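Asker: Generate coordinates for the sequence data below:
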Amino acid sequence: MNSLTRLLVSLLGGEVLTLLTGLAPNTPAMLVGAEHYGYPLPWLIRMIVAPWYNPWRIDLLGLFADVIVWFVIIFIVLLVWDKVKK
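Answerer: Residues are numbered from 1 along each chain as shown. Next up, the predicted model:
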């Protein structure tokens, strides 16, 4: 696998895994009034206290950080996979 393909697969995989982790609750223990979703960093927040205005909020910094974390993990896995395969 060449480096451009590895980068594109890692980026797409990072985005997909970030969106899938948006289904996993990641609320801190003592937090009341909101539910957080996303892993390792919560990036999707559902407000419970005042949900009639806009209950869903997206933390863009957490979202981009999650994409980068999953991108790096997938990139390393693909590198190791290519080394083992040879």
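Asker: how about the strands in this structure?
Answerer: Secondary structure of the chain (DSSP state E): strands at 34-37, 44-47, 56-58.
Asker: in this protein, which helix has the most residues?
Answerer: helix 60-85 (DSSP state H).
Asker: Could you tell me which residues make contact with the spatially most central residue of the chain?
Answerer: Of all residues in the chain, the one closest to the mean position by Cα atoms, centre = their mean is Thr18, 2.7 Å from it. Neighbour list for Thr18: 38, 43, 63, 66-67, 70 [criterion: Cβ atoms under 8 Å, 6 or more residues apart in numbering]. Any C-beta I mention is one placed from the backbone N, CA and C, and that applies to glycine too.
Asker: ok, now with 10 Å
Answerer: 38-39, 41, 43-44, 62-71 (Cβ atoms under 10 Å, 6 or more residues apart in numbering).
Asker: Skip the chain neighbours and tell me the closest residue to it.
Answerer: Leaving aside its sequence neighbours, Thr18 sits nearest to Asp66 (Cβ to Cβ, 6 or more residues apart in numbering; 4.4 Å).
Asker: The one you found and Tyr39, how far apart?
Answerer: According to Cβ to Cβ, to the nearest Å, Asp66 stands 8 Å off from Tyr39.
Asker: cool, Leu23 as well?
Answerer: Taking Cβ to Cβ, one finds Leu23 at 10 Å from Tyr39.
Asker: For these two, indicate the residue with more neighbours.
Answerer: Tyr39 (19 against 10; other Cβ atoms under 10 Å).
Asker: OK, contacts around the more buried one?
Answerer: Neighbouring residues of Tyr39 by Cβ under 10 Å, 6+ apart: 17-18, 20-26, 66, 69-70.
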